[in-house]
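Participant: return atomic coordinates for the entry below.
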Amino acid sequence: MAKADKPYAGLRVGVKAGGCAGQEYVLSYAEAADPLDEVVTDKDVTILIEPKAVLYLVGTVIDYETTKLSSKFVFNNPNETDACGCGESVTITPVQAD
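Facilitator: Down below sits the predicted model:
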């Protein structure tokens, strides 16, 4: 984001339907925060969580990993109940709101 051609408010994280396991994580630069976004700041990075994804992402740790073969975001989500063999999609059970 520091090298982007314009300033961004943060990294927007969400979940959408797709892939062979049923759901995929979605990442995009956010020009502005939505009033309903859940905002988390860690290590000087602002994460904006889409409102419909909050219960799917409770407890998730997001990291960035670089290996000899790839560089990617890695999601350690305690709510994942399954994942496809290729690693591109997951099944997530949302946390039940009390």
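Participant: which residues are contacting the helix or strand hosting L27?
Facilitator: Using DSSP states H and E, L27 maps to strand 23-30. When contacts are defined by Cβ atoms under 8 Å, 6 or more residues apart in numbering, strand 23-30 is touched by residues 1, 4, 8-18, 37, 48, 50, 56, 73, 75, 88-92. Just so you know, the C-beta spots here come from the backbone N, C-alpha and C atoms, and that holds for glycine as well.
Participant: what about it, average pLDDT?
Facilitator: Averaged across strand 23-30, pLDDT comes to 95.
Participant: neighbouring strands - and their directions - for the helix or strand just after that strand?
Facilitator: Per DSSP H and E, the first helix or strand lying C-terminal to strand 23-30 is strand 38-42. For strand 38-42, the paired strands and their directions (DSSP bridges) read strand 45-49 (antiparallel).
Participant: and the partner strand with strand 23-30, angle?
Facilitator: Counting by axes from the mean of the first three to the mean of the last three Cα atoms, to 10 degrees, strand 45-49 points 130 degrees away from the direction of strand 23-30.
Participant: could I get the full set of helices for this structure?
Facilitator: 54-57 (DSSP state H).
Participant: which residues does the spatially most central residue of the chain contact?
Facilitator: For the chain, V13 is the residue whose C-alpha lies nearest the centre (Cα atoms, centre = their mean; 3.8 Å). Applying Cβ under 8 Å, 6+ apart to V13 gives the contacts Y25, V26, L27, I47, L48, I49, E50, A53, L57, I62.
Participant: partners of it in the sheet?
Facilitator: Here V13 sits in beta bridges with L27, I49, going by DSSP bridges.
Participant: tell me how far it lies from K72.
Facilitator: In this view, V13 and K72 are 14 Å apart by Cβ to Cβ, to the nearest Å.
Participant: kindly report the same for L11.
Facilitator: Relative to K72, L11 is positioned 14 Å away (Cβ to Cβ).
Participant: and for A4?
Facilitator: Per Cβ to Cβ, A4 is found 19 Å from K72.
Participant: what of E50?
Facilitator: 20 Å.
Participant: looking at these two, which is more packed in?
Facilitator: The residue with more neighbours, out of E50 and K72, is E50; 20 against 12, by other Cβ atoms under 10 Å.
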